[in-house]
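**Student:** Sequence plus predicted model, see below.
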Amino acid sequence: MRDFSWKYFAMTGDVDAYLLYKEASSAYEEEAAAAEELILEAEAE
């Protein structure tokens, strides 16, 4: 979804597509941070 919304924004300049991209990026970064935290916790045990 992130890649599609970015490509659509780049081709059209549609602000809504950019906002969708930012929202998807934020969710992706939060998910990656949570996964990294779980890995670090598992390594500590």
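**Tutor:** Nice, thanks for sending it over. For clarity, every value in this text was computed on a predicted model and none was experimentally measured. Residues are numbered from 1 along each chain as shown.

**Student:** Surely residue 28 is in contact with residue 5?
**Tutor:** No: counting by C-beta atoms under 8 Å, residue 28 stays clear of residue 5, with 11.5 Å between them. To be clear about C-beta, it is placed using only N, CA and C from the backbone, and glycine gets the same treatment.

**Student:** So those two - more neighbours on which side?
**Tutor:** Neighbours were counted for residue 28 and for residue 5 using other C-beta atoms under 10 Å; residue 5 has more, 20 against 12.

**Student:** where's that one, which helix or strand?
**Tutor:** helix 2-12 (DSSP states H and E).

**Student:** repeat for residue 38
**Tutor:** Element membership for residue 38 (DSSP H and E) is helix 15-44.

**Student:** between that helix and helix 2-12, how big is the angle?
**Tutor:** Between the axes of helix 15-44 and helix 2-12, defined by axes from the mean of the first three to the mean of the last three C-alpha atoms, to 10 degrees, the angle is 150 degrees.

**Student:** Return the set of buried residues in helix 15-44.
**Tutor:** 17-18, 20-21, 24 (16 or more other C-beta atoms under 10 Å).

**Student:** Centroid-nearest residue for this protein?
**Tutor:** Among the residues of the chain, the one closest to the centroid is residue 25, at 2.4 Å (C-alpha atoms, centre = their mean).

**Student:** Does it touch residue 2 like I think?
**Tutor:** Yes: Residue 25 lies in contact with residue 2 (C-beta under 8 Å); the separation is 5.8 Å.

**Student:** picking up where we left off before, with distance to residue 35 and pLDDT added, can I get the buried residues of helix 15-44 in a markdown table?
**Tutor:** Formatted as a markdown table, the buried residues of helix 15-44 follow (distance: C-beta to C-beta, whole Å; pLDDT from 0 to 100):
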| residue | distance to residue 35 | pLDDT |
| --- | --- | --- |
| 17 | 27 | 97 |
| 18 | 26 | 97 |
| 20 | 23 | 96 |
| 21 | 21 | 96 |
| 24 | 16 | 93 |
